[in-house]
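*Asks:* only geometry, no sequence info:
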């Protein structure tokens, strides 16, 4: 069978035949690169021998056999040796080019073409930069994007290291952890049972380990996330050259029901009653603000296991809102702290970092701290950098600290309200520790680079030296102690706001990181370096790092980040509150939202809660109908009572409880007072009045009415939460026990007093006669 040719060659041959010219024989090797013949289909049993056929050497008569495309791609055969006739006349046939030669030629042409295109592009860009100088800002923005990409790799979170229980198992073993968890469960099992927790199936999470006793969470629970629009990003970051402008910004949004629960939560917080928080929890068990507030209540009681659990639940609730494009692991997503919907997540992460350090889970604390820093690295609203300078060294992540320090140390442009870790006191001293540890791990005897880094830290921030020496028991020379640069301040009196922040951060770093310097090696190293720094300190006129720090903290936004950090950790760092201005301490703030930002876009106010769902209110008609149905089960008599109430509009003003209060009052009134009231109702219904005597005089016998508790206002929210649809049957049973139905005979007597006995009897006779007629005329 002749070899199969492609359609292009077939068309060419047909055209040549039409012109009367015989088609030329096409060499298969020359067309090998253009098209590959289609391999014939192989049956099932023939496929078993296909591999063997491929391994056999090809015969000289290759042109008579079809070649397979897969065979040509997988293995390149060596060209067969030419026969004697071909060797005798080599000039008649052109020398075939190998595929490698063709590819190299194509690559060379491609490189030349790319080089020419690149030269043309560079020339065009140079010409445009001369004509339009403003286009240089585009290059600056592209460099910021490159910087954001390198920073994102440092801020990407390792999900496997977010498990505190796994870290505890490494230190104490699985048996000890399981025993501790069982002890905590048994000690707190009574409260969980009292609150109605029902064991459920396990749920998955990246930020926490959901407990089996947690109630099943829905997909969103009223929380959702969306990315900010370009207009919103421009409003947040007006400077387009800022690296923050190239980030992906997100925000959390509340549903109507979630807003209603939040409004009730704020009312409960204002009352100061923890039991009111439990009523909110019964309505929405996954409300983030309520969970964080209850966590704070348990923390004040020193019940830390319960406090940690509620923080975990708050994190889990917010994690469900970020399902979709938002990811914790890429380090590119940012959360707008100026929106009140996002701030509970920041607070939950900050408290989680603090609790993990208290429990000794330093590696997990570092990972959560890195996550919190990645949400807003430019202003760091909760000051997590003041945790990371300690936990990164403690957890053995010193190289990460050095990389972040190098990333920011190379920036020359200063943007407003942008935090630079390379000019922070704690990070300067932590960098020296990281270099020292790296040199020791590498087996180096000299510590040149780490000593230079420590000298730079001391020259830039000498305020740390006397505090650290006292805390770590490091002896310093009296001459060094007496230098004015080592004066210790315990408050911000007489200091500028930026200088006050400098002394506050010096105290903060020493209180947290002093244990890192207490080893004999570090103490000796610090002592020798500090005692030899005095000549350099006297010769120093100014320090660039110190100047950049003071310039940076001239921003009120960055100072508020430090104040917020201290206020969240009030129990541990109360001695630092004198550095906080009195105006900040006296400002209105809540534990659920400590020190809101000055540039807040949203806050919990009337505008925010506009259109929120009133979760604890029942529609008035529905509430009255249910209560009246319990009082009077008979539907006909209940309709007559409602008609009586509707016929007297004045009753609505006198009886806020509606028809329910009317029936209760009629049942408890004495006969004389009831007759007088019925007479007044009849007169009011006849003249269309308001149900009272002419001239506004009170009805006779009105003073004899019993003192009854006023019914709640129609439409007002009840203090007791309204039952949900799931618990409606249970609540109905409870209310049936409290409100007994009135006897039918009593209600009939009350109606007969108003409508008249004869009329009622006549109606009864008519109804009986009608019933008899219906019985006789009905269909069998």
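*Replies:* Yes, it's here. Note that the coordinates shown come from a computational prediction; the quantities given were computed from them, not determined experimentally.
*Asks:* So residue 490 versus residue 327, what's the distance?
*Replies:* As judged by C-beta to C-beta, to the nearest Å, residue 490 and residue 327 stand 45 Å apart. In short, each C-beta sits where N, CA and C put it, glycine included.
*Asks:* neighbour-wise, which of those two wins?
*Replies:* Set residue 490 next to residue 327 and count neighbours by other C-beta atoms under 10 Å: residue 327 wins out with 14 against 11.
*Asks:* Name the SS class of that one, please.
*Replies:* Under DSSP: H, G, I helix; E, B strand; the rest coil, residue 327 falls in the coil class.
*Asks:* now swap in the one 10 residues further on and tell me
*Replies:* Secondary structure of residue 337, reduced to three states by three-state DSSP: coil.
*Asks:* in the stretch 101-250 of the chain, which segments are predicted with low confidence?
*Replies:* 101-122, 125-148, 180-202, 218-220 (pLDDT under 70).
*Asks:* Helices along that one, start to end?
*Replies:* For the stretch 101-250 of the chain, the helices defined by DSSP state H, counting those that start in this stretch occupy 136-155, 164-172, 174-194, 230-236.
*Asks:* Not counting sequence-adjacent ones, nearest residue to residue 401?
*Replies:* Ranked by C-beta to C-beta, 6 or more residues apart in numbering and with sequence neighbours excluded, the top spatial neighbour of residue 401 is residue 392, at 4.4 Å.
*Asks:* Can you name the next helix or strand after the strand or helix carrying that neighbour?
*Replies:* Take DSSP states H and E as the rule and residue 392 turns out to sit in helix 385-394. Proceeding N to C from helix 385-394, the next assigned helix or strand is helix 398-409, under DSSP H and E.
*Asks:* which parts of the very next helix or strand once past that next one are buried?
*Replies:* Later in the chain than helix 398-409, the nearest helix or strand by DSSP H and E is helix 425-441. When neighbours are counted by 16 or more other C-beta atoms under 10 Å, the buried residues of helix 425-441 are found to be 425-437, 439.
*Asks:* Kindly report the same for stretch 402-417.
*Replies:* 402, 404-405, 407-408, 415, 417.
*Asks:* picking up where we left off before, which one of the buried residues of helix 425-441 is nearest residue 305?
*Replies:* Using C-beta to C-beta, residue 426 comes nearest to residue 305 of these, at 30.4 Å.
*Asks:* tell me the contacts of the closest one?
*Replies:* By C-beta atoms under 8 Å, 6 or more residues apart in numbering, the contact list for residue 426 reads 385-386, 389-390, 505, 508-509, 513.
*Asks:* Given the longest strand along the chain, what are its sheet partners and their directions?
*Replies:* The longest strand of the chain (DSSP state E) is strand 248-254. When pairing is defined by DSSP bridges, strand 248-254 lines up against strand 223-227 (antiparallel), strand 333-335 (parallel).
*Asks:* With respect to residue 365, which of the ones you listed lies nearest?
*Replies:* strand 333-335 (19.9 Å).
*Asks:* what sits up against that closest one?
*Replies:* Under C-beta under 8 Å, 6+ apart, the answer for strand 333-335 is 244, 247-252, 326-327, 342, 345-346, 374-377.
*Asks:* just to revisit the earlier point, elements contacting the helix holding residue 392?
*Replies:* Helices and strands touching helix 385-394, by 3 or more C-beta pairs under 8 Å, 6 or more residues apart in numbering; DSSP states H and E, are helix 343-359, helix 362-375, helix 398-409, helix 425-441, helix 497-513.
*Asks:* out of these, which comes closest to residue 641?
*Replies:* That would be helix 343-359 among the helices and strands packed on helix 385-394, by C-beta to C-beta, at 48.7 Å.
*Asks:* Which strands or helices does that closest one pack on?
*Replies:* Helix 343-359 packs on helix 164-172, helix 288-300, helix 304-321, helix 362-375, helix 385-394, helix 556-568, going by 3+ C-beta pairs under 8 Å, 6+ apart.
*Asks:* That helix - what's its average pLDDT?
*Replies:* Averaged across helix 343-359, the pLDDT comes to 95.
*Asks:* what angle sits between it and helix 385-394?
*Replies:* 40 degrees (axes from the mean of the first three to the mean of the last three C-alpha atoms, to 10 degrees).
*Asks:* pretty sure residue 378 contacts residue 421?
*Replies:* No - assessed by C-beta atoms under 8 Å, residue 378 is found out of contact with residue 421, at 11.2 Å.
*Asks:* Those two: which is more packed in?
*Replies:* For the pair residue 378 and residue 421, the greater number of neighbours falls to residue 421 (22 against 18), based on other C-beta under 10 Å.
*Asks:* check contacts around that one.
*Replies:* 385, 404-405, 408, 427.
*Asks:* export those to TSV and tack on distance to residue 269 and pLDDT?
*Replies:* Output for the contacts of residue 421, formatted as TSV (distance: C-beta to C-beta, whole Å; pLDDT from 0 to 100):
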residue	distance to residue 269	pLDDT
385	30	97
404	37	95
405	41	95
408	39	93
427	36	97
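*Asks:* nearest to residue 673, of these?
*Replies:* residue 385 (75.8 Å).
*Asks:* How about the closest one: what's its closest non-neighbour residue?
*Replies:* Closest residue to residue 385 apart from its sequence neighbours, by C-beta to C-beta, 6+ apart: residue 421 at 5.5 Å.
*Asks:* Give me the distance between the one you found and residue 345.
*Replies:* Counting by C-beta to C-beta - residue 421 and residue 345 are separated by 22 Å.
*Asks:* Out of the buried residues of helix 425-441, which comes closest to residue 664?
*Replies:* So of the buried residues of helix 425-441, ranked by how close each gets to residue 664 (C-beta to C-beta), first place is residue 426, at 69.1 Å.
*Asks:* Could you check the pLDDT of the closest one?
*Replies:* 96.
*Asks:* Give me the distance between it and residue 612.
*Replies:* Distance from residue 426 to residue 612, by C-beta to C-beta: 43 Å.
*Asks:* Likewise for residue 176?
*Replies:* Taking C-beta to C-beta, one finds residue 176 at 47 Å from residue 612.
*Asks:* neighbour-wise, which of the two wins?
*Replies:* residue 612 (18 against 12).
*Asks:* Now do residue 358: how many residues are near it, please.
*Replies:* Neighbourhood size, residue 358 [other C-beta under 10 Å]: 12.
*Asks:* ditto for residue 638
*Replies:* 18.
*Asks:* for it, helix, strand, or coil?
*Replies:* Strictly by three-state DSSP, residue 638 counts as helix.
*Asks:* Can you get me a residue count around the residue lying closest to residue 594 once chain neighbours are set aside?
*Replies:* With C-beta to C-beta, 6+ apart as the criterion, residue 594 has its nearest non-adjacent residue at 4.8 Å, and that residue is residue 567. Per other C-beta under 10 Å, the neighbour tally for residue 567 reads 19.
*Asks:* cool, residue 637 as well?
*Replies:* Count around residue 637 with other C-beta under 10 Å applied: 17.
*Asks:* Roughly how far does it sit from residue 659?
*Replies:* Counting by C-beta to C-beta - residue 637 and residue 659 are separated by 12 Å.
*Asks:* Quick check, the residue nearest to residue 401 in contact with residue 399.
*Replies:* No - assessed by C-beta under 8 Å, residue 392 is found out of contact with residue 399, at 9.0 Å.
*Asks:* which residues are in contact with both of those two?
*Replies:* residue 434.
*Asks:* Can you pick out the residue with more neighbours from these two?
*Replies:* Taking other C-beta under 10 Å, residue 392 and residue 399 do not tie; residue 392 has more neighbours (26 against 12).
*Asks:* tell me the pLDDT at that one?
*Replies:* Confidence score, pLDDT, at residue 392: 96.
*Asks:* rewinding a little: wait, which of the buried residues of stretch 402-417 is closest to residue 154?
*Replies:* Distances from residue 154 to the buried residues of stretch 402-417, taken by C-beta to C-beta, are shortest for residue 404, at 5.5 Å.
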